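Peer 1: Structure for the following, please:
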Amino acid sequence: MTPLPPLLQAFFIDRLARQRDASPHTIASYRDSFKLLLAFLRTHTGKQPSKLVLEDLDAAAITAFLAHLENERGSSVPTRNARLVAIHSFFRFAAFKAPQCAEQIARVLAIPEKRHTSTLVSYLIEAEIDALLAAPDRSTWTGRRDHALLVLGVQTGLRATELAGLRRQDLQLQDGAWVRCEGKGRKERCTPLTRETRQVLAVWLRELGGAPTGPVFPSRGGQHLTRGAIWRLVTKHAVTARAQCPSLTAKNITPHTLRHTAAMQLLRAEPPVDTATIALWLGHETLASTNKYVHADMELKRRALDRTTPPDVKPGRYQPPDQLIAFLESL
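Peer 2: The predicted structure is shown next:
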């Protein structure tokens, strides 16, 4: 039997932290996956997590856990797949540490990710953007902070974690204004700011004050807002905006909706910004992530249709050439 606790500790400390220098976000995601898995195993085996052995984590147990995520916890398929990625990473590490369990490990690694339907991205049109930006109460400190955050999010498409981590020194508000952030994969990028966004941020930073290393969007305690706090404030202001713009009722508005909106504004510009530039703007590693915006833009497809020559066809109903064929068609 192979005790699980030292193997799992070595995975997080040696493999993720020391060897791979994984980001805090990756470590936190993997940690949450194993917390859920260990809680599931405790319920179904009666063993405390510290008493588990690697052999308890066989393919049947992992498959049951994945089904539990979807059927009982209501996790989406992408979330289920993300948990499986963490488990696979651990078992690849375990293959070197516990070769005696090679057959069991191979079976777990053979569990496939689940395919899922890819839906069109949700984004805001001009009237909806105006309603959302007008929602914060700018007579209050938090309202002015939230307004500045929403303006920056809609214009730049920064992720919630990127907005949360911004410091004053990451903003350059002189001529050629830009914002610098560290995105996924620790890729640093700079995004230009419009004149309107620069003015909103300049007013906000004058009120905020503080050191260059201080957060651009702090909590009342002066700390960086968390990713969850940004999600909550966007949701709160979306509720207010729906009263002024009923079309928002049909949309689930999150910080990622602001990111999609920024991409669609670039794509719908005249002339449209090419997808390679949009990929650089958003920090996408491949164009495959950016192409989904092309699929979502019906106006772009209509403009493409207008440039084509329609086929020379005449309307009319199909007439079967034979009575027997007509009978078969009627069935």
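Peer 1: from here on, contacts and neighbour counts on C-alpha atoms
Peer 2: OK.
Peer 1: quick one, what contacts the residue lying closest to T240 once chain neighbours are set aside?
Peer 2: Leaving aside its sequence neighbours, T240 sits nearest to A135 (Cα to Cα, 6 or more residues apart in numbering; 5.8 Å). Residues near A135 by Cα atoms under 8 Å, 6 or more residues apart in numbering: H237, A238, T240, A241.
Peer 1: switch to 10 Å and redo it
Peer 2: By Cα atoms under 10 Å, 6 or more residues apart in numbering, the contact list for A135 reads 143, 146-147, 150, 234, 236-244.
Peer 1: Tell me where this protein has strands.
Peer 2: Residue ranges of the strands in the chain, as given by DSSP state E, are 171-172, 178-182, 188-192.
Peer 1: before we move on, back to that, just the closest of the contacts of A135 to A61, please.
Peer 2: V234 (38.3 Å; Cα to Cα).
Peer 1: List the residues that contact the closest one.
Peer 2: Listed by Cα under 10 Å, 6+ apart, the contact partners of V234 are L132, A135, P136, D146, L149, L150, I253, T254, P255, H256, T257, L258.
Peer 1: Quick check: the third one touching V151?
Peer 2: If I follow you right, that is P136. No - with contact defined as Cα atoms under 10 Å, P136 does not count as touching V151 (11.1 Å).
Peer 1: Okay, now the unreliable bits of the stretch 201-331 of the chain?
Peer 2: Counting by pLDDT under 70, the stretch 201-331 of the chain shows low-confidence ranges at 293-305, 309-310, 313, 318, 320.
Peer 1: on that earlier part again, okay, the residue nearest to T240: pLDDT?
Peer 2: Listed pLDDT for A135 reads 95.
Peer 1: ok, it to E128 distance?
Peer 2: Per Cα to Cα, to the nearest Å, A135 is found 11 Å from E128.
Peer 1: what is in contact with the two at once?
Peer 2: Shared contacts of A135 and E128 (Cα under 10 Å, 6+ apart): A238, A241, R242, Q244.
Peer 1: Columns distance to E162 and neighbour count on top of those residues, output as CSV?
Peer 2: Shown next, in CSV, are the shared contacts of A135 and E128 (distance: Cα to Cα, whole Å; neighbours: other Cα atoms under 10 Å):
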residue, distance to E162, neighbour count
A238, 20, 24
A241, 24, 23
R242, 26, 18
Q244, 29, 16
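Peer 1: can you list these in a markdown table and add distance to L84?
Peer 2: Converted to a markdown table, the shared contacts of A135 and E128 look like this (distance: Cα to Cα, whole Å):
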| residue | distance to L84 |
| --- | --- |
| A238 | 33 |
| A241 | 38 |
| R242 | 37 |
| Q244 | 42 |
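Peer 1: Give me the subset of the residues you listed lying in helices.
Peer 2: Among those, the members found in helices (DSSP state H) are A238, A241, R242.
Peer 1: Can you add distance to R80 and give those back as CSV?
Peer 2: Shown next, in CSV, are these (distance: Cα to Cα, whole Å):
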residue, distance to R80
A238, 28
A241, 32
R242, 32
